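> would you be able to build a 3D model of this:
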Amino acid sequence: MLNREIVNRIRHIFLHPRPHVSMTTAAALLGWSHLQMRKAIARGEIDVMTTPLATWVWREELMSKALELWNLDVIEAALGDDAAGVLPAAIRTCELRARVPRYQAAMLEHMAQQEATTVSAILTRELEDVASAHLEELSSAISGFAAALEWPAVSDRDHIC
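Below you'll find the model as predicted:
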């Protein structure tokens, strides 16, 4: 069962109708302190827009960080029925069944236990590396492949409100 606070934070990040939130709100949604947020911005890990009113964090930046913080299946579960309207079809999870040698299954279970995550999360991370390594070939062979890897792509940021 998902923690209600995390579900609410994920839902706010992915379902927020505006293109940005304040830096303070962004920190709270990610579960960061104000100092952690400032350091991430200083390191260039998060792009912001500063106006006379506030420092704004783009929704896409929050979504990218959310994908780093929580497994995609957790995000999908938190979004529930709203996931289909927010996550592109290519990003949505599906069940994959494969027969692998037992040592590989044991390896994946061990790695997941060591990282306090799931086998799905370990496989997803490793497959992202494969996808990146073969981006050019796979992009020409699979429609929408590059867009799926780039999601959440930066949208039109000319409109602050």
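
> could you use CA atoms for every contact and neighbour count after this?
OK.

> find me the pLDDT at the nearest residue to H16 once chain neighbours are set aside, would you?
In space, and not counting its chain neighbours, H16 is closest to R59: 7.8 Å by Cα to Cα, 6 or more residues apart in numbering. For R59, the pLDDT comes out at 93.

> tell me which element the one residue sitting closest to the centre of the chain falls in.
Centre of the chain computed as the mean C-alpha position; nearest residue by Cα atoms, centre = their mean is L67, 1.7 Å away. In this assignment (DSSP states H and E), L67 forms part of helix 59-69.

> tell me the secondary structure at A153.
On the three-state scheme (DSSP: H, G, I helix; E, B strand; the rest coil), A153 is labelled coil.

> and for the nearest residue to it once chain neighbours are set aside, the neighbour number?
With sequence-adjacent residues excluded and distances taken as Cα to Cα, 6+ apart, A153 is closest to E60, at 6.9 Å. E60: 20 surrounding residues under other Cα atoms under 10 Å.

> and E60, how far from W32?
From E60 over to W32 the distance is 17 Å, taken as Cα to Cα, to the nearest Å.

> for A98, give its distance to M107.
Using Cα to Cα, A98 is found at 15 Å from M107.

> looking at those two, which one has more neighbours?
Set A98 next to M107 and count neighbours by other Cα under 10 Å: M107 wins out with 13 against 6.
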